[in-house]
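Engineer: 3D model of this:
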Amino acid sequence: MSTFDPAAHLPDALLDRLRERAPIHDRENTFPHDDLADLREAGYLSILVPRERGGAGLSLAEAALLQQRLATAAPATALAINMHLVWTGVAKVFSDRGVDGLEFVQDGAVAGEVFAFGISERGNDLVLFGSDTDAVPQADGGYAFTGTKIFTSLAPVWTRLGLHGLDTTSPDAPKLVFAFVDRTDAVDTADDWDTLGMRATQSRTTRLSGAVADRSHVVRRIDPGPTPDPIVFGIFSVFEILLASVYTGIAHRALELAVETAHARRSKRTGAAYSQDPDIRWRIADMAIAYDALPPQITALARDVDERVDHGPRWFPLLSGLKHRAVTMAKQVVDEAMLVGGGGAYSATGELSRLYRDVLAGAFHPSDPESAHATAASAWLGPRQD
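Structural biologist: Below is the predicted model:
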């Protein structure tokens, strides 16, 4: 039986501080600098780094539990930190499998560096399998990247940006290049984040104009397209699992708020608490049944990654399906919680209203609903015959 205690890494007092700040950052559309400082001090940036390198040595399954807990207090903070944890998680996937190349990410996380995720590009539905960013080889073995990345969470604070681009000029081209660049004058961060929800992530547009990754920070050169390469598997598995965790945490908090409201509200007609109303009880039970299915699924798949279980090509439908179920479930639960809350839940300043806006972002993260369904269809029916 596991003895892991999430509260040891995210104490109630810390969560309370983050919960107090969350509505302020949402209202003011600002980055939660104090949240990051508190999490850094708590060692949260290095939870996935092995103990021998100075980290907490947690498993991906344990980190997923922590992200669920963090999201109950500050969903946008959790989603932003997710992107840093993706890279430290990929580094763990590498080291667990004896693959070199991302030790600098682990050491950097211990030192307090913040790693951002620069993969998404406007109109690029290939995502990990292709890039519209130019990756130009340099004489010393590094690469210069020119292009535009969107949804770059942690935009105001990252110290290194993990990204990909396409090398079309080398003798063995085309090659997808995965590397890390520093924040320099060749990187322009737009102040363009003004969204319906998840506002504190500050996932701004990033424009690269010959941003150089030196040779030691060029992690992988692979053929474009689907591949079992560790960089693709690492990113996809950690990203989908931690993303599912954040939205599952949102659902947990919405369920808590619905229960609190049901106990607090009383019917003028009967005098009884709403918690005794058969319709409210059914609604909350429906929320609980939907929510209860996800935490064990997340834990099971995360453990499979930790324990290097070989699902072969089934990994992609399993992971994209997990993410899709989590965000769909979370939206359903928040929808129901709003109804339990009644008209007061519609107030723009209320926590449920913020969760309602935040949860909508889930559908736009990879894998989107179309991609998840296409992946599942191919797994069960075979490739589509065009």
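Engineer: just how off-centre is stretch 141-151 within its chain?
Structural biologist: Counting by C-alpha atoms, centre = their mean, to the nearest Å, stretch 141-151 is centred 21 Å from the centre of its parent chain.
Engineer: tell me what the nearest residue to residue 187 once chain neighbours are set aside is bridged to.
Structural biologist: Spatial nearest neighbour of residue 187, excluding adjacent residues (C-beta to C-beta, 6 or more residues apart in numbering): residue 211 at 5.1 Å. (C-beta placed from N, C-alpha, C; glycine too.) Taking DSSP bridges, one obtains residue 145 as the residues bridged to residue 211.
Engineer: correct me, but residue 211 touches residue 144?
Structural biologist: Yes: with contact defined as C-beta atoms under 8 Å, residue 211 reaches residue 144; the gap is 6.8 Å.
Engineer: quick check on the two: which one has the bigger neighbour count.
Structural biologist: More crowded of residue 211 and residue 144, by other C-beta atoms under 10 Å: residue 211, with 26 against 18.
Engineer: from residue 222, how far off is that one?
Structural biologist: 20 Å (C-beta to C-beta, to the nearest Å).
Engineer: and what of residue 210?
Structural biologist: 22 Å.
Engineer: what of residue 179?
Structural biologist: Distance of residue 179 to residue 222, computed by C-beta to C-beta: 12 Å.
Engineer: compare these two (neighbour count), which wins?
Structural biologist: residue 179 (26 against 17).
Engineer: which helix or strand contains that one?
Structural biologist: Counting by DSSP states H and E, the element that carries residue 179 is strand 175-182.
Engineer: do residue 149 as well
Structural biologist: Here residue 149 is assigned to strand 143-152, by DSSP H and E.
Engineer: try residue 323
Structural biologist: Taking DSSP H and E as the definition, one finds residue 323 inside helix 315-341.
Engineer: could you list the buried residues of that helix?
Structural biologist: Using 16 or more other C-beta atoms under 10 Å as the test for burial, helix 315-341 gives 315-334, 336-338, 340-341.
Engineer: what of stretch 5-22?
Structural biologist: 9-10, 14-15, 17-18, 21-22.
Engineer: tell me where the model's unsure across the protein.
Structural biologist: 1-2 (pLDDT under 70).
Engineer: where along the stretch 1-150 of the chain do the helices fall?
Structural biologist: 6-9, 12-28, 33-41, 60-73, 75-96, 103-110 (DSSP state H, counting those that start in this stretch).
Engineer: want to throw those into TSV with distance to residue 134?
Structural biologist: TSV is the format used below for those (distance: least, C-beta to C-beta, whole Å):
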stretch	distance to residue 134
helix 6-9	40
helix 12-28	35
helix 33-41	32
helix 60-73	33
helix 75-96	22
helix 103-110	24
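Engineer: residues making contact with stretch 298-316?
Structural biologist: Contacts with stretch 298-316, where a contact means C-beta atoms under 8 Å, 6 or more residues apart in numbering, come from 59-61, 63-65, 68, 93, 96-97, 233, 236-238, 241, 244-245, 248, 318-319, 322, 326, 375, 379.
Engineer: my read is residue 219 is in a strand, agree?
Structural biologist: Yes: under DSSP: H, G, I helix; E, B strand; the rest coil, residue 219 sits within a strand.
Engineer: what about it, neighbour count?
Structural biologist: 25.
Engineer: buried stuff in the longest helix seen in the chain?
Structural biologist: Longest helix in the chain by number of residues (criterion: DSSP state H): helix 230-264. Using 16+ other C-beta under 10 Å as the test for burial, helix 230-264 gives 230-255, 257-259, 261-262.
Engineer: what of stretch 138-155?
Structural biologist: Going by 16+ other C-beta under 10 Å, stretch 138-155 has these buried residues: 142-145, 147-155.
Engineer: and what of stretch 87-103?
Structural biologist: So, applying 16+ other C-beta under 10 Å, buried residues of stretch 87-103: 87-96, 99, 101-102.
Engineer: just the closest of those residues to residue 193, please.
Structural biologist: residue 87 (20.6 Å; C-beta to C-beta).
Engineer: just to check, the closest one is in contact with residue 162?
Structural biologist: Yes: here residue 87 lies in contact with residue 162, judged by C-beta under 8 Å, at a distance of 5.1 Å.
Engineer: tell me the spacing between residue 367 and residue 31.
Structural biologist: To residue 31, residue 367 is 27 Å away according to C-beta to C-beta.
Engineer: then residue 90?
Structural biologist: Distance from residue 90 to residue 31, by C-beta to C-beta: 24 Å.
Engineer: kindly report the same for residue 326.
Structural biologist: Counting by C-beta to C-beta, the gap from residue 326 to residue 31 is 25 Å.
Engineer: residue contacts, residue 142?
Structural biologist: Residue 142 neighbours (C-beta under 8 Å, 6+ apart): 179, 212-215, 217-218.
Engineer: list phi and psi for it.
Structural biologist: Dihedral pair for residue 142: phi -80, psi -170, per degrees, to the nearest 10.
Engineer: show me how this structure divides into domains.
Structural biologist: Using automatic domain parsing, the domains assigned to the chain come out as 6-114, 116-222, 230-381.
Engineer: what does stretch 267-279 contact?
Structural biologist: Against stretch 267-279 from outside (C-beta under 8 Å, 6+ apart): 259, 261-266, 280-281, 340.
Engineer: will you turn these into a markdown table that also has distance to residue 184?
Structural biologist: Supplementary listing: these in a markdown table, determined by distance: C-beta to C-beta, whole Å:
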| residue | distance to residue 184 |
| --- | --- |
| 259 | 50 |
| 261 | 50 |
| 262 | 53 |
| 263 | 54 |
| 264 | 53 |
| 265 | 55 |
| 266 | 60 |
| 280 | 56 |
| 281 | 58 |
| 340 | 50 |
